[in-house]
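Student: structure of the sequence below:
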Amino acid sequence: MNVMTPDTFRAEAAATPLAEIDVSRPEIFAANAHWPFFDRLRAEDPVHYLADSDFGPFWSITRWDDIMKVETNPKVFSSSDGIFMGDRPADFQPRSFIGEDDPLHSKWRKPVMPGVGGKRLDELETLIRQRVVAILDDLPRDEEFDWVERVSIELTTQMLATLFDFPWEDRHLLTYWSDVTTATPLVGAEVMPHEERVRILTECVQYFTKLWLERAKGAPALDFITLMAQNPDTEDLHETPRDLLGNLMLLIVGGNDTTRNSISGGLLALNQNPDEYGKLRADPTLIPGMCAEIIRYQTPLAYMRRTCREDFELSGKTIKAGDKVIMWYVSANRDDAKFDDPYEFLVDRKNARSHMSFGFGVHRCMGNHVAEMQLRILWEEILARFPKIEVVGEPERVSSNFVMGFSKMMVRIPG
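Tutor: Below you'll find the model as predicted:
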């Protein structure tokens, strides 16, 4: 049996004919070996067409400037045919505002925005800090434990439960449903039968429908369910289960994967760059900027898809109407035309906030401030407690071309 290593993939990236380079393969991400493939595309063919893949033909857009041209032109590059590579089964195609164009996009998105707006953020900051403190103070000393499970998942699960005002005792269902949504052959290597996925997510819709009907008649509040259930533009979503499910799962996945994997990826990056870890400990005022650098460096979601609505010229290539276009955020965040020394993790990087991880334009991530706030508070409290948290061994990465994440990362806190 041939074992594929990062060196093997680097050799493959160099030797593969340009037209055959396929950056959609989950295994290259699981091995953290996707970088040389994207390096080659940015250098040699930044608007790259692949005629045949497991997800059908598609264009790969890999440079920061080119992605910006696509991202900020929603009239030509539409979201309404889906944002994932490949196509959902015809009998199960949940719709959400990130996968729609205006006017429906704005109609569905606007009602939930107060749930992560300025007033709500002020309320959440104290609560997040209390929870971070409780999680960190409960961690063991001088023994190995899984940071993903004990910190990354737990903190983001608690945050999701708050944003939805979800029953606390059932909060872990939120991350379970999120994992079911992303762990499919379309976005990962974990194969789940279509029927099983439908069954689980049908239970999700049933659970939320019960909450929806209760909140629709309740007092006004800033949780996502109440905001949608009491807004005239979204109050009837529960009558169309696929629309309710789509919008719920968008909010759950968006609040889960981005922050969860940034929490893990940031600790790993600091361990791999001890000088930067020392710089941070010496000057905690670097924390806010470092949080943006973590999100750039990790790039929690690798891409978004668009569908071209009319023939369009981009960097010398003609993208035809109907073609699928993949904006590879993970590549843009390593573009040396935008970031000096893009493979370096720098806690004081000046333009870290120019990262692509939240997207741009009308579909820019609405929860970006919540994600950054969680990271900031976490690192403020970590530095107040622990001189160092050591990553032990190699972490286990998610086998997915969409979620840039970790399934396990063992750490140790010296006593």
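Student: please count neighbours and contacts with C-alpha atoms only from this point.
Tutor: OK.
Student: pull out the buried residues from the longest helix seen in the chain.
Tutor: Taking DSSP state H as the criterion, the chain has its longest helix at helix 241-272. Going by neighbour count (16 or more other C-alpha atoms under 10 Å), the buried part of helix 241-272 is 242-271.
Student: packing partners for that helix?
Tutor: Counting contacts by 3 or more C-alpha pairs under 8 Å, 6 or more residues apart in numbering; DSSP states H and E, helix 241-272 is packed against helix 154-164, helix 172-182, helix 194-216, helix 274-282, helix 287-298, helix 368-385, strand 390-391, strand 406-408.
Student: who's in contact with L104?
Tutor: The contact partners of L104, by C-alpha atoms under 8 Å, 6 or more residues apart in numbering, come to F97.
Student: give me the phi and psi for it.
Tutor: phi -60, psi -40 (degrees, to the nearest 10).
Student: roughly how far does it sit from H48?
Tutor: 31 Å (C-alpha to C-alpha, to the nearest Å).
Student: again, but for L173
Tutor: To H48, L173 is 39 Å away according to C-alpha to C-alpha.
Student: when those two are compared, which one has more neighbours?
Tutor: Legend: neighbour count by other C-alpha atoms under 10 Å for L173 and H48, higher for H48 (22 against 16).
Student: isn't the more buried one up against L41?
Tutor: Yes - counting by C-alpha atoms under 8 Å, H48 touches L41, with 7.1 Å between them.
Student: so for stretch 280-290, mean pLDDT?
Tutor: The average pLDDT within stretch 280-290 is 97.
Student: measure that stretch end to end?
Tutor: In stretch 280-290, first residue to last residue: 8 Å (C-alpha to C-alpha).
Student: got the buried residues for it?
Tutor: Using 16+ other C-alpha under 10 Å as the test for burial, stretch 280-290 gives L280, R281, L286, I287, P288, G289, M290.
Student: again with stretch 385-393
Tutor: The neighbour-count check on stretch 385-393 (16+ other C-alpha under 10 Å) flags K388, I389, E390, V391 as buried.
Student: closest one of those to R412?
Tutor: Distance to R412, by C-alpha to C-alpha, is smallest for E390 among those, at 5.2 Å.
Student: next up, the contacts around the closest one.
Tutor: N271, V411, R412, I413, P414.
Student: including secondary structure and distance to R309, could those residues go into JSON lines?
Tutor: Output for the contacts of E390, formatted as JSON lines (DSSP: H, G, I helix; E, B strand; the rest coil; distance: C-alpha to C-alpha, whole Å):
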{"residue": "N271", "secondary structure": "helix", "distance to R309": "45"}
{"residue": "V411", "secondary structure": "strand", "distance to R309": "48"}
{"residue": "R412", "secondary structure": "strand", "distance to R309": "51"}
{"residue": "I413", "secondary structure": "coil", "distance to R309": "53"}
{"residue": "P414", "secondary structure": "coil", "distance to R309": "56"}
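Student: select only the buried ones of those residues in ChimeraX?
Tutor: Selection of the buried residues among the contacts of E390 in ChimeraX, burial being defined by 16+ other C-alpha under 10 Å:
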select :271,411,412,413
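Student: what is the nearest of the contacts of E390 to L211?
Tutor: Set against L211, the nearest of the contacts of E390 by C-alpha to C-alpha is V411 (38.0 Å).
Student: so which elements touch the helix or strand of the chain with the lowest mean pLDDT?
Tutor: Across the helices and strands of the chain, mean pLDDT, DSSP states H and E gives its lowest value to helix 172-182, namely a mean of 86. Applying 3+ C-alpha pairs under 8 Å, 6+ apart, one finds that helix 172-182 makes contact with helix 154-164, helix 194-216, helix 241-272.
Student: quick one, which of these is nearest to R131?
Tutor: Closest to R131 of the helices and strands packed on helix 172-182 is helix 154-164 (C-alpha to C-alpha; 7.4 Å).
Student: got the contact list for the closest one?
Tutor: With C-alpha under 8 Å, 6+ apart as the test, helix 154-164 has contacts from 115, 128, 131-132, 135, 166-168, 171-172, 174-175, 222-225, 252, 255-256, 259-260.
Student: just the buried residues of those.
Tutor: When the contacts of helix 154-164 are checked for burial by 16+ other C-alpha under 10 Å, the buried set is 115, 128, 131-132, 166, 171-172, 174-175, 222-225, 252, 255-256, 259-260.
Student: relative to R215, how far out is I200?
Tutor: Distance, I200 to R215, by C-alpha to C-alpha: 23 Å.
Student: between those two, who's got more neighbours?
Tutor: The neighbour count for I200 versus R215, taken as other C-alpha under 10 Å, is higher for R215 (19 against 14).
Student: which residues sit in contact with that one?
Tutor: I225, T226, A229, Q230.
Student: could the helices and strands packed on helix 172-182 be laid out in TSV, adding distance to G405 and mean pLDDT?
Tutor: Output for those, formatted as TSV (distance: least, C-alpha to C-alpha, whole Å; pLDDT from 0 to 100):
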stretch	distance to G405	mean pLDDT
helix 154-164	14	93
helix 194-216	21	92
helix 241-272	5	90
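Student: wait, which of the ones you listed is closest to S357?
Tutor: Among the helices and strands packed on helix 172-182, helix 241-272 comes nearest to S357, with 8.8 Å by C-alpha to C-alpha.
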